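Engineer: next input, structure requested:
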Amino acid sequence: MEQLKQRWGLTSNWEILAILVAFSINGSFAAFIVRPALSVLGVTKENLNIVVYYLLYIIPVFLVYQFTLPYVGWLVGQYSFFKNMQQKMMKRMKLKS
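Structural biologist: Predicted structure coming up:
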């Protein structure tokens, strides 16, 4: 725990818990939003190859996840942590300079 707190620049175990809860909520939320949206567009396991379906599923889940992560972080009181994490991730993926 101490290594995690040091690496993330946190001061308490409660902050770690809040961050882990935010990751969990955000991942579930992204999947919850994308699955019905794809169904409305006609993208289902039944009418597509399973590999194509999961490729078409993962991309929007990733986008929704990236967009909503700072806001879910705000709900648990860790907005600045998640905003910084999002910016680092976008720079590593060369989507932001």
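Engineer: which residue of this structure lies farthest from its centroid?
Structural biologist: residue 47 (27.2 Å; C-alpha atoms, centre = their mean).
Engineer: quick check: the nearest residue to residue 10 once chain neighbours are set aside vs residue 65, distance?
Structural biologist: Computed as C-beta to C-beta, 6 or more residues apart in numbering, the closest residue to residue 10 that is not its neighbour in sequence is residue 16, at 6.1 Å. All C-beta atoms are positioned from the backbone trio N, CA, C, and that covers glycine. Look at residue 16 and residue 65: by C-beta to C-beta, to the nearest Å, they are 20 Å apart.
Engineer: more neighbours: which of the two?
Structural biologist: residue 65 (19 against 15; other C-beta atoms under 10 Å).
Engineer: do you know how far the residue farthest from the centre of the chain is from residue 37?
Structural biologist: 16 Å.
Engineer: remind me, longest helix of this structure?
Structural biologist: If you go by DSSP state H, the chain has its longest helix at helix 13-40.
Engineer: next one: the helix or strand just after it to chain centre, how far?
Structural biologist: Per DSSP states H and E, helix 13-40 leads on to helix 50-75 as the next helix or strand towards the C-terminus. Offset of helix 50-75 from its chain centre (C-alpha atoms, centre = their mean, to the nearest Å): 6 Å.
Engineer: next, the angle helix 13-40 makes with helix 50-75.
Structural biologist: Taking axes from the mean of the first three to the mean of the last three C-alpha atoms, to 10 degrees, one finds helix 50-75 and helix 13-40 inclined to each other by 140 degrees.
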